[in-house]
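Undergrad: one predicted model, sequence on top.
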Amino acid sequence: MITSLPLGRFYLLDTREEGGEPLSILGGYDVLNHMIGENWFPSSTAQVVNYPASIGMVSGSMSAPVVDDAVEIGRRDLDEKIRRSLENGETTVVIAGLSQGTLVINRELAYLADDPHAPPPGSLTFVMFSSPEIGLANIYLPVGTTLPIINYTVHDLADSQYDVSVVYHQYEFWSDFPDRPWNLLAVVNSFFSMAYYHNNTAMSLPDDAVVVSSRTNEMRGTTTTYMIPSDTVPMLKPLQQLGVPARVVDWINAGLKPAIDSGYSRLAPDAGPTSHTESSPALLSCPRRTTRMPRQGGS
């Protein structure tokens, strides 16, 4: 029943689908799923990989699959779609995932890394948008930890023979949570960023992002991490929407931003200790993962 509630188009803010009649949760996510990564790969056609994308009873049903089970269902379906696409003559397949979908991608990368019959490296490219695993989980949970009730087991980003792009929005709760959580201002700001940018990161333009790291592993796969910067802290976004003069917003931002930045060790390394469990940069909850393949005959 909850999936039929109209929620307007808040989760599509700043996209071409922002206007129009209110959409249900399922309707909005269906639109969103077909837009994942489209601006990064404009000459592609989206094929949505459907899987439960559930988090156990937290999803609202006692029978909903827990995270590890739901992700494995998605991984198997993704693997099948990849191989079928290549068998049907596609030479390049781009796999783009948002939020929980990035977990599906990460499990598939690990699977293909050990598969002697895996597709050749040049045939697949993976893109992860707003990954909670590379972000929030990476900061606070050791690899191998299993969260009870939802049964989510933390994984590190898998090394593989494929190139991977990791894209996140600065300050976003799931993918760039502050590693100094006692900075409550930074924590509150991350909630605003989640509301405005968690999903929208997947509709960003490549020109919006800056490269923050690039690493080639022993299997010759290169992982490149991109960040979409926020010159104005997200918690001021409501003021901008209400039409508060830009000079006023800028004045408030000049005071807030240094205080919020001190919640991140990478932005203020001398501001105190951190809660890092790993040293990699932080990187989100849309329920699907999308496979994007080149359109026949160009764009």
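TA: Received the coordinates, thanks.

Undergrad: tell me the domain ranges of the chain?
TA: 1-33, 43-294 (automatic domain parsing).

Undergrad: secondary structure element holding Q47?
TA: Assigned by DSSP states H and E, Q47 falls within strand 44-49.

Undergrad: likewise I95?
TA: strand 93-98.

Undergrad: strands of the stretch 101-250 of the chain, residue ranges please.
TA: 124-129, 146-147, 152-153, 163-169, 210-216, 222-228 (DSSP state E, counting those that start in this stretch).

Undergrad: now render those strands as a markdown table, adding distance to V31, mean pLDDT and mean neighbour count.
TA: Where you see a C-beta, it was placed from the backbone N, CA and C, and this is true even at glycine. Below are the strands of the stretch 101-250 of the chain laid out as a markdown table (distance: least, CB to CB, whole Å; pLDDT from 0 to 100; neighbours: other CB atoms under 10 Å):
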| stretch | distance to V31 | mean pLDDT | mean neighbour count |
| --- | --- | --- | --- |
| strand 124-129 | 16 | 95 | 26 |
| strand 146-147 | 30 | 96 | 14 |
| strand 152-153 | 27 | 96 | 20 |
| strand 163-169 | 20 | 97 | 25 |
| strand 210-216 | 28 | 96 | 12 |
| strand 222-228 | 21 | 97 | 20 |
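
Undergrad: distance to Y51 added to those strands, as CSV?
TA: Formatted as CSV, the strands of the stretch 101-250 of the chain follow (distance: least, CB to CB, whole Å):
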stretch, distance to Y51
strand 124-129, 16
strand 146-147, 19
strand 152-153, 15
strand 163-169, 20
strand 210-216, 29
strand 222-228, 24
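
Undergrad: right, so the domains of the chain: which one is the most enclosed?
TA: domain 43-294 (a mean of 19; mean count of other CB atoms under 10 Å).

Undergrad: who's in contact with the residue nearest to the spatial centre of the chain?
TA: Most central in the chain under CA atoms, centre = their mean is S130, positioned 2.0 Å from the mean C-alpha point. Neighbour list for S130: 98-99, 102, 167-169, 172, 174-175, 197-199, 201-202, 283-284 [criterion: CB atoms under 8 Å, 6 or more residues apart in numbering].
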